[in-house]
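Novice: What follows is a predicted protein model with its sequence.
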Number of protein chains: 2
Amino acid sequence: MQRSIATVCLSGTLPDKLESAAAAGFEGVEIFEQDLLAFDGSPAEAGRMAADLGLAITIFQPFRDFEAMPEPARARNMDRAERKFDTMQALGTDLVLVCSNTQAACIDDPARAAADLREMAERAAKRGLRVGFEALAWGRHTNRWRQAWSIVRQADHPALGLILDSFHTLCLGDDLAGLSQAVPPEKLFFLQLADAPRLTMDPLSWSRHHRTFPGQGELDVAGFLRATLDAGYAGPVSLEIFNDEFRAAPSRRIARDGLRSLVWLGEQAKVAALPAPPKLAGIEFVEFAVDETARAELAAFIAALGFRRAGTHKSKAVELWRNGGANIVLNAEPDSAAAERFAQLGATVCAMAFRVDDPARVVARAEALRCPTFRERVGEGERRIPAVRAPDGTLIYLVQSPSPTPIWEDDFHLLPDAGEAKGDLTGIDHVAQALAPGMLDSFVLFYRAVFGLAADAPWELPDPYGLVRSRAFTGGDGSVRLPLNVSESTRTGTGRFVSALAGAGVHHIAFATKDAAAVVDAASTRAAPLLDIPDNYYEDLGARIGLVDAALAGLRERHLLFDQDGTGGVFLHAYTAPFHDRFFLEITEREGGYAGFGAVNAAVRMAAQQRGRG
Amino acid sequence: MQRSIATVCLSGTLPDKLESAAAAGFEGVEIFEQDLLAFDGSPAEAGRMAADLGLAITIFQPFRDFEAMPEPARARNMDRAERKFDTMQALGTDLVLVCSNTQAACIDDPARAAADLREMAERAAKRGLRVGFEALAWGRHTNRWRQAWSIVRQADHPALGLILDSFHTLCLGDDLAGLSQAVPPEKLFFLQLADAPRLTMDPLSWSRHHRTFPGQGELDVAGFLRATLDAGYAGPVSLEIFNDEFRAAPSRRIARDGLRSLVWLGEQAKVAALPAPPKLAGIEFVEFAVDETARAELAAFIAALGFRRAGTHKSKAVELWRNGGANIVLNAEPDSAAAERFAQLGATVCAMAFRVDDPARVVARAEALRCPTFRERVGEGERRIPAVRAPDGTLIYLVQSPSPTPIWEDDFHLLPDAGEAKGDLTGIDHVAQALAPGMLDSFVLFYRAVFGLAADAPWELPDPYGLVRSRAFTGGDGSVRLPLNVSESTRTGTGRFVSALAGAGVHHIAFATKDAAAVVDAASTRAAPLLDIPDNYYEDLGARIGLVDAALAGLRERHLLFDQDGTGGVFLHAYTAPFHDRFFLEITEREGGYAGFGAVNAAVRMAAQQRGRG
């Protein structure tokens, strides 16, 4: 399938947009008229620029408010069409998109619409051009594809065909049932695809601001594509996304996301197979970029939570710290990717490792999805662990699991008592990332497409200085949990972190235990900097939950937060104070299948973290 | 009326919120439970803090999901109520807000709801407390005030009353018809007020994110207040606003806006009269803060548009530049408000002057609305021009109009040929301001409340690097026009300007003429830096409008943009290039009653201004 993208998806001038589309690997572009109007070269120059970049101009769009107008508007519209045909010929495209009329003056008469479109098609045909008609979801009289098709059929001109757009159909709760029976393949002129979150708002506002690439939203775009292909459509598959954040983001990143989305969609719609997504079995480690000073300080911070140095790397300035099943790597190797990260951002998470069934297959999948991969320098006899780069540059290492030998044995001098049996943590429960708002959709697509993670329902968390929106991605039966947090406010904890990290990064790491009270008690004896929780929280908890007083007192004295779901699941969790305002750690205990993150406690936690600010 | 505000309206910790509310002049606060839970002192300490600030705690809220639950939830809810009564007594408030139950388990039986509320009221009464019941717009079975009242009446307990909230009623298209007949005044326990823009979305999302203070939205909150007072209500009038931007903004500014909104609302609802808003008769001048270097450069910039130096101030380093009826003041006076502004922000607009029928009355109105006013230093025999400060600190001078002597005559040495007859501009058509998104509501309230300006419909303008939202405020039969522009993106022209100006400021000034072509021709001979407009714009204009070729050529060679409304109005306009990326100027010609701003051309204009960026 020929992959195409509308210029309106991307920011910048028309040349920026064309270059970004070509660099991402698109084969075609829709020229959105407004982008051409704002371009300070001729249409012929725009056409040459596209051709030089190897981009076909798949369509010129949109031509609005054409059909079924009373005179003299009708005659003027025919003149307008002729002038746009001039532009199309100069651009070098043969297809124009006419979207259904939204004007109040539009006559409610399909026969008139058909007659007008037939005349336009006849004029187009004289120049070797074609006209495609699309039902806008908010068209005045035509807003379903079946109506548009009925008009096209009635017009009955070879240069007139139907254009389908997934958003306009799916946002109305409609589908393509009957398409392959009703419409001959040669009458399907063009296919536009867009996804969107399910929102309860008018379709026009929804469409203009909240469209996303397929895989970033909740509509069944794959089913839509499949149905169109099943009906015999063989033309370009083109993304047309109106999104406030895309408009403001760098065009190169958005174009790459767009192509990734179409590759992934091809798999979902069974157009082309990709290497299967991994079976996930947890997070093996989280790695911090540090220098020698930061390593010492961070080691002390985690030691207070019971982590002990378990080994040193054979050839690099890298240490493994461990508490039971939870591993933290402190990477101070000079002239490495980690050192580069430290130089730019200070002490911060530079990598994490997912346990997967077949690392090589994940790399192949990531490469098919045009994600950058990474191969580290290794010393003799050391194991090479492949990695994929997340959209913010964080490395995600891929560790074989199950594996006959732990990864640590080849590369590390392990200390004698470094076994996983020692310690009170069972592993890494979740890793939370804070993102600039415009980065969220890139991460959503990355996690969903490369790793097959599923999105939980979104949460809104009230920080004292603004709202934080949170959405968790999970996989491997809950063994990998990745909450993503964004905030429009720069004064929230999330917002301040994003500013410090220039866009995105790991914001907190939660460890799993089977006995949070014991872990907290032990941490307290080590003077761990645990976050104070106000008494008022426990007063309210007592009123809400009806715990016995002793249980409540146990939570209160340990600063443990509490949540329960409706089905017997219970969650206990406690936080550390922030490490230099860069990240914080959490101790979690899940019981009875609890699957959340204690979002109900987030307001209290965030207020405690923000205390003393303003 | 006792003025109250809910702590959830304001950002920060509970002490921040209380201090900001008191500093703004509120007499009471609603304690939002989540704010108390996150507070690290006891409820009694919170109560003392409020009392020390002179704030009554008007209500404790919300108590959720109480009525009509099956056992054992019902019994647990009674226990929960008792514990919250403890909290209320410690806080020092006698009233709790119970909002209608949203739980799926809630029984659809008003008699059960009434019985439960009666029992809660009975328990409250034993402690001298009271319970108010409010219909949430998304309550499971109770979402209209008439239903809530029916339950309260059925419960028939002196410690149980009705709570009204303007948003919950108005968002459903409901009103208070019949209130004064149905509900005795002593059963009206509390009144919450919130406004909102009219949005097509589910009431829950609308309520949680988009509420505003009265006067910032589009609901008839004044009518709602009037109806409640007419029904005999004499309790607190309290603002409860959930707004993403308010949560992120400095609490002092938001609290001041809140109080201003209630003062204004009191006038609208005929509770208390204010000095009447002014009759406006245009913008007399715009004033720039400059130093000597910037003055020379800016003078050259405006001279190219035909401005000439018309006078110098008698006692200050201030010049008047004039073209016909358009006046620009260049203020380089050291140790002045303008010098302060220049030191902070560079060459920028520091003031403008509105022609008003009675400056003293406007000052009195502004002071009643708690707006800061300003009195400048004056030399002997010079006229003192009063001013009001806009939310960004810009001064708005108030110039008497009509006036026997122009303001310039007392204070300026006018040059012999300084008359208004000379020149081709007729005045200042509009002054556009760019604002950080969180500042918009403050400006909306300021212009509406102090000057009685009306809001035009909003526009969305596609800058190549993100969306710009624009809303114009107009008054004085169109003699004062003030578009306000905001952009979430920092890469748009608006976003970059806002970053440079630390939040808000005048972004462009449009001058009026009766012959835009002549003004542009004259400017061209003076090598004015007019903004190039691409040929493609004129190609499209020809296709859309059907102008004769000569007319189109005349526009094209002058880089004039064109718009027309549906009723014979026509708009011609041309722009300068930006002055050091700080602001730009516009020449406008309105014909036939055209009332817009050429928004249809904004995309092409903004792309031209952004050319060469990325």
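Specialist: In hand now; what should we look at?
Novice: what number of residues lie near A:G568?
Specialist: Residues within reach of A:G568, counting by other CB atoms under 10 Å in any protein chain shown, total 10. From N, CA and C alone the C-beta is placed, and that goes for glycine too.
Novice: quick one: contacts for the nearest residue to it once chain neighbours are set aside?
Specialist: In this structure, A:G568 finds its nearest non-sequential neighbour in A:G592, 4.3 Å apart by CB to CB, 6 or more residues apart in numbering or on different chains. Listed by CB atoms under 8 Å, 6 or more residues apart in numbering or on different chains, the contact partners of A:G592 are A:T567, A:G568, A:G569, A:V570.
Novice: Same check on A:R76?
Specialist: B:G546.
Novice: that older thread, export the contacts of A:G592 as JSON lines, with columns for pLDDT.
Specialist: Converted to JSON lines, the contacts of A:G592 look like this (pLDDT from 0 to 100):
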{"residue": "A:T567", "pLDDT": "93"}
{"residue": "A:G568", "pLDDT": "93"}
{"residue": "A:G569", "pLDDT": "97"}
{"residue": "A:V570", "pLDDT": "97"}
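Novice: out of the residues you listed, which are inside strands?
Specialist: A:V570 (DSSP state E).
Novice: Taking the contacts of A:G592, tell me the two that lie furthest apart.
Specialist: A:T567 and A:V570 (10.4 Å; CB to CB).
Novice: Compare these two (neighbour count), which wins?
Specialist: A:V570 (14 against 9).
Novice: ok, and the closest non-adjacent residue to that one?
Specialist: A:E591 is the one closest to A:V570 (CB to CB, 6+ apart), at 4.4 Å.
Novice: In terms of helices and strands, where is A:A449?
Specialist: helix A:440-451 (DSSP states H and E).
Novice: Tell me which helix or strand comes right after that helix.
Specialist: Following helix A:440-451 in sequence order, the next helix or strand is strand A:454-455 (DSSP H and E).
Novice: now for that next one, which elements pack on it?
Specialist: If contacts are counted by 3 or more CB pairs under 8 Å, 6 or more residues apart in numbering or on different chains; DSSP states H and E, strand A:454-455 sits against helix A:440-451, strand A:466-475.
Novice: From chain B, how far out is the residue nearest to A:H141 when sequence neighbours are not counted?
Specialist: Nearest in space to A:H141, with sequence neighbours left out and distances taken as CB to CB, 6+ apart, is A:D108 at 4.7 Å. Separation of A:D108 from chain B (CB to the nearest CB, to the nearest Å): 20 Å.
Novice: now A:A68
Specialist: On the measure of CB to the nearest CB, A:A68 and chain B end up 18 Å apart.
Novice: doesn't A:D109 make contact with that residue?
Specialist: Yes - A:A68 is in contact with A:D109 according to CB atoms under 8 Å; the separation is 6.0 Å.
Novice: Could you check which of those two has the larger neighbour count?
Specialist: A:A68 (28 against 13).
Novice: what's the neighbour count on the residue of the stretch 501-614 of chain A found nearest chain B?
Specialist: Nearest residue of the stretch 501-614 of chain A to chain B, counting by CB to the nearest CB: A:A607, 3.3 Å away. Residues lying near A:A607 (other CB under 10 Å) number 26.
Novice: Then A:P359?
Specialist: 22.
Novice: what about the closest residue in space to it that isn't next to it in sequence, which helix or strand?
Specialist: Take A:P359 and drop its neighbours on the chain: the residue closest to it by CB to CB, 6+ apart is A:L398, 3.7 Å away. Element membership of A:L398, judged by DSSP H and E, is strand A:395-400.
Novice: Okay, angle between that strand and helix A:440-451 too, please.
Specialist: Angle, strand A:395-400 to helix A:440-451, by axes from the mean of the first three to the mean of the last three CA atoms, to 10 degrees: 20 degrees.
Novice: and strand A:395-400, how far out from the chain's middle?
Specialist: In terms of CA atoms, centre = their mean, to the nearest Å, the centre of strand A:395-400 is found 20 Å from the chain centre.
Novice: Can you verify my assumption that A:F26 contacts A:I254?
Specialist: No - with contact defined as CB under 8 Å, A:F26 and A:I254 do not form a contacting pair (11.7 Å).
Novice: can you pull the contacts of A:A73?
Specialist: A:A105.
Novice: residues from the stretch 101-250 of chain A in reach of chain B?
Specialist: A:L199, A:T200, A:M201, A:D202, A:S205, A:R208, A:H209, A:D244, A:R247, A:A248 (CB under 8 Å from any CB of the partner chain).
Novice: hmm, which of the residues you listed are the buried ones?
Specialist: When those are checked for burial by 16 or more other CB atoms under 10 Å in any protein chain shown, the buried set is A:L199, A:M201, A:H209, A:D244, A:R247, A:A248.
Novice: Tabulate those (JSON lines), appending pLDDT and secondary structure.
Specialist: Formatted as JSON lines, those follow (pLDDT from 0 to 100; DSSP: H, G, I helix; E, B strand; the rest coil):
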{"residue": "A:L199", "pLDDT": "90", "secondary structure": "coil"}
{"residue": "A:M201", "pLDDT": "87", "secondary structure": "strand"}
{"residue": "A:H209", "pLDDT": "93", "secondary structure": "helix"}
{"residue": "A:D244", "pLDDT": "93", "secondary structure": "helix"}
{"residue": "A:R247", "pLDDT": "92", "secondary structure": "helix"}
{"residue": "A:A248", "pLDDT": "93", "secondary structure": "helix"}
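Novice: Now flag whichever of those is closest to chain B.
Specialist: Nearest member of those to chain B, counting by CB to the nearest CB, is A:A248, at 3.3 Å.
Novice: List the residues that contact the closest one.
Specialist: By CB under 8 Å, 6+ apart, the contact set of A:A248 is A:S11, A:G438, B:Y465, B:G466, B:L467, B:E488, B:S489, B:T490, B:R491, B:T492.
Novice: that's a strand at A:R309, yeah?
Specialist: Yes - using DSSP: H, G, I helix; E, B strand; the rest coil, the secondary structure at A:R309 is a strand.
Novice: what's the span of stretch A:261-281 from first residue to last?
Specialist: 25 Å (CA to CA, to the nearest Å).
Novice: buried residues in it?
Specialist: Of the residues in stretch A:261-281, those buried (16+ other CB under 10 Å) are A:261-269, A:271, A:274-275, A:277-281.
Novice: Please apply the same query to stretch A:221-231.
Specialist: A:V221, A:A222, A:F224, A:L225, A:R226, A:A227, A:T228, A:L229, A:A231.
Novice: Looks like the last one contacts A:L188 (just checking).
Specialist: So the one you mean is A:A231. Yes - taking contacts as CB under 8 Å, A:A231 lies within contact range of A:L188: 6.4 Å.
Novice: Could you double-check that A:A159 sits in contact with A:E122?
Specialist: Yes - between A:A159 and A:E122 there is a contact at 7.2 Å, judged by CB under 8 Å.
Novice: Specify which residue of those two has the higher count of neighbours.
Specialist: A:A159 (23 against 15).
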